[in-house]
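Student: give me coordinates for this.
(chains A and B)
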Amino acid sequence: MAIVEVDEEYKIPLKQVSVSFNIKPADRFLVRVETREKIVLEKIKQKDSLIEIIENPGHTDRRGAALDLKELEEELWGR
Amino acid sequence: MGEIKVFVVVDSNIFIFANIAEYPEQETAKEKLKWLINKSCTILVNPIIVSEVHYKLSRLLSAEEAYERTLKIISSGHVEYVPLGKGTVLKAIELSRSRKIRINDALIAQHALDLNAEGLVTDNTKDFVKVEGLKVIKLREDE
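Tutor: I've put the predicted structure just below:
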């Protein structure tokens, strides 16, 4: 069991337990107060950000050759 | 017993197809990424792939949307960002020369080899098949 300390900005560093609890930046938690001495952090299930974007693809107004990824790569890296 | 982790490198074109509705490949690329995720593969990206994704998305979408989508790719729990080491860069320069492939593709291919990745998922098979030892996983299996 790890002990963490609240800093002057009232932040609790969770990095040292991030691997064990699979905590990543931008994860969201529901803070539930059980008693005055016991607070439970409940992870809010979110759709993964990669799945979210590929299920909601963007729309481009480019058409035809302007969509050619090889051309865009040429622009970026040169011939 | 611990779960065996499988790593695959995913090329920028797969992310671009999956992110733009107007590409006929959108559905195929989306399903390919989901297939990898369902197989518990960790998707590896490096600075070259991220640069290409951001540049291409910026040319196809608004700057803001390109920024958000690139960040969401890197922030995904299924994606791991791996920086390029000097050893990989040096070998990639040699690979680029010997196989006559562009340095960006050489950096991606060499990195996949050095990371012992299961393979490289790409739609650009023409150049990557020239790289000995690299398993190229095609976007379209019928190719």
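Student: need the longest helix for chain A.
Tutor: Once chain A is assigned using DSSP state H, the helix that runs over the most residues is helix A:69-77.
Student: off-centre distance for that helix?
Tutor: 29 Å (CA atoms, centre = their mean, to the nearest Å).
Student: mean confidence (pLDDT) on it, please.
Tutor: Helix A:69-77 carries an average pLDDT of 91.
Student: just stretch A:35-47 next, same as before
Tutor: The predicted model gives stretch A:35-47 an average pLDDT of 87.
Student: what sits up against that stretch?
Tutor: Contact partners of stretch A:35-47, identified using CB atoms under 8 Å, 6 or more residues apart in numbering or on different chains, comprise A:23, A:27, A:28, A:29, A:30, A:31, A:32, A:33, A:34, A:55. The C-beta positions use only the backbone N, C-alpha and C, and glycine is treated the same way.
Student: kindly report the residues of chain B close to chain A.
Tutor: Counting by CB under 8 Å from any CB of the partner chain, chain B comes close to chain A at B:13, B:16, B:18-23, B:26, B:29-30, B:33-34, B:37, B:43, B:51-52, B:55-57, B:59-61, B:65, B:69, B:71-73, B:75-79, B:102-104, B:123-124.
Student: tell me the buried residues within the residues you listed.
Tutor: Neighbour-count burial (16 or more other CB atoms under 10 Å in any protein chain shown) applied to those gives B:13, B:16, B:18-20, B:23, B:26, B:29-30, B:33-34, B:37, B:43, B:52, B:55-57, B:59-61, B:65, B:69, B:72-73, B:76, B:78-79, B:104, B:123-124.
Student: show me the residues you listed that map onto strands.
Tutor: Judged by DSSP state E, those include B:43, B:79 as members of strands.
Student: not counting its neighbours along the chain, what's nearest residue A:25?
Tutor: Closest residue in space to residue A:25, ignoring its immediate chain neighbours: residue B:75 at 7.2 Å, by CB to CB, 6 or more residues apart in numbering or on different chains.
Student: residue B:120 sits in which helix or strand?
Tutor: Following DSSP states H and E, one finds residue B:120 within strand B:119-122.
Student: list the buried residues in the next helix or strand after that strand.
Tutor: Next along the chain after strand B:119-122, taking DSSP H and E as the criterion, comes helix B:125-128. By 16+ other CB under 10 Å, the buried positions in helix B:125-128 come out as B:125, B:127, B:128.
Student: could those residues be laid out in a markdown table, adding distance to residue A:11 and pLDDT?
Tutor: As requested, the buried residues of helix B:125-128 are exported to a markdown table (distance: CB to CB, whole Å; pLDDT from 0 to 100):
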| residue | distance to residue A:11 | pLDDT |
| --- | --- | --- |
| B:125 | 48 | 91 |
| B:127 | 47 | 91 |
| B:128 | 45 | 96 |
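Student: which one among those residues gets closest to chain A?
Tutor: Proximity to chain A was ranked across the buried residues of helix B:125-128 by CB to the nearest CB; first place goes to residue B:127, at 10.8 Å.
Student: shouldn't that closest one be in contact with residue B:105?
Tutor: Yes - with contacts counted by CB atoms under 8 Å, residue B:127 reaches residue B:105, the gap being 5.0 Å.
Student: quick one on the thing from earlier: can you tell me which of the residues of chain B next to chain A end up in helices?
Tutor: Here DSSP H is the test, and the residues of chain B next to chain A give B:13, B:16, B:18-19, B:26, B:29-30, B:33-34, B:37, B:51-52, B:55-57, B:59-60, B:65, B:69, B:71-73, B:75, B:103-104 as lying in helices.
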